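Trainee: no letters, just coordinates:
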């Protein structure tokens, strides 16, 4: 099909890439070199066409020829352009040496515009700009409500704190020690680990029974000597029979006195009982 027939169908019937607005008619096809819908710049109505496209910051030269029209997959030949502007222009001149001069001029204009907007993009990335972020109204209202509740809670806490301080000043609570429970346990463990100082042992001497008897005898002798030295003749007379009595006799006499007194008491009680009985009979 000839290019004129294709253009006639596209222009007067329907084209999916055409965009009509008040200022003019534009083309949305990505292979269009100028973006304008006309006969010279339409990529579909021209069997020999070329353009430049950008892929992730790398420019490529696309060329369409009539020899590859029967192979849609290989219809466009792609050549990578260098990042240097002058070298890229030399590559375009080399590959499009025998192409129409008007088309070559449009491709060079497209290359200059694309390099310019790439430079502007780099400058904008280096600059620090304010980022506008939209916040929904619901989130703002929710945040304000939470702030009000937090303020009210803070006032209550302050009032409670003031009341507790006043009570503490008055002495209602007595002595209060704010000690961490874990630290308190650690202190107790440290005190338990410390060694308790041993008490001074008292100097105690143990004496046998024989020695104790000798000590008692010595004390008795000392008492006896004191009485003999400072006592009168009457005291000596009173002490003589006591000294002559043996030890065993004194102990026996004490035991007998207790027994006699008990016997007398029992006899007296028995006599009283008998007298009471006789009176009851009378």
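Mentor: Nice, I can see it. None of these values were measured; they are calculated from a predicted model. Residues are numbered from 1 along each chain as shown.

Trainee: next one: residue 35 from residue 80, what distance?
Mentor: Distance of residue 35 to residue 80, given as CB to CB, to the nearest Å: 23 Å. For glycine as for every other residue, the C-beta is placed from the backbone atoms N, C-alpha and C.

Trainee: so what pLDDT did residue 229 get?
Mentor: Residue 229 is assigned a predicted lDDT (pLDDT) of 50.

Trainee: where does the stretch 1-150 of the chain have low pLDDT?
Mentor: 1 (pLDDT under 70).

Trainee: in it, what residue spans correspond to strands?
Mentor: Using DSSP state E, counting those that start in this stretch, the strands found in the stretch 1-150 of the chain span residues 18-20, 25-27, 49-55, 58-64, 76-80.

Trainee: and of those, who's closest to residue 166?
Mentor: Taking CB to CB, strand 49-55 is the member of the strands of the stretch 1-150 of the chain nearest to residue 166, at 76.0 Å.

Trainee: the closest one pairs with which strands?
Mentor: strand 58-64 (antiparallel) (DSSP bridges).

Trainee: what's the partner strand in contact with?
Mentor: 31, 43, 46-54, 75-81, 88, 91-92, 95-96, 107, 111, 114 (CB atoms under 8 Å, 6 or more residues apart in numbering).

Trainee: mind giving me the domain ranges of this protein?
Mentor: Domain assignment of the chain by the TED database yields the ranges 1-46, 48-128.

Trainee: I'd like those written out as a markdown table, with mean neighbour count and distance to residue 155 added.
Mentor: Output for the domains of the chain, formatted as a markdown table (neighbours: other CB atoms under 10 Å; distance: least, CB to CB, whole Å):
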| stretch | mean neighbour count | distance to residue 155 |
| --- | --- | --- |
| domain 1-46 | 14 | 62 |
| domain 48-128 | 13 | 41 |
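
Trainee: output these in JSON lines; the columns should cover distance to residue 141.
Mentor: Below are the domains of the chain laid out as JSON lines (distance: least, CB to CB, whole Å):
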{"stretch": "domain 1-46", "distance to residue 141": "42"}
{"stretch": "domain 48-128", "distance to residue 141": "32"}
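
Trainee: what's the closest of these to residue 153?
Mentor: domain 48-128 (39.2 Å).

Trainee: now the terminal residues of that closest one, how far apart.
Mentor: End-to-end distance for domain 48-128: 45 Å, by CA to CA, to the nearest Å.

Trainee: what of stretch 49-64?
Mentor: Using CA to CA, the distance between the terminal residues of stretch 49-64 is 5 Å.

Trainee: do the same with stretch 10-21
Mentor: End residues of stretch 10-21 are separated by 17 Å (CA to CA).
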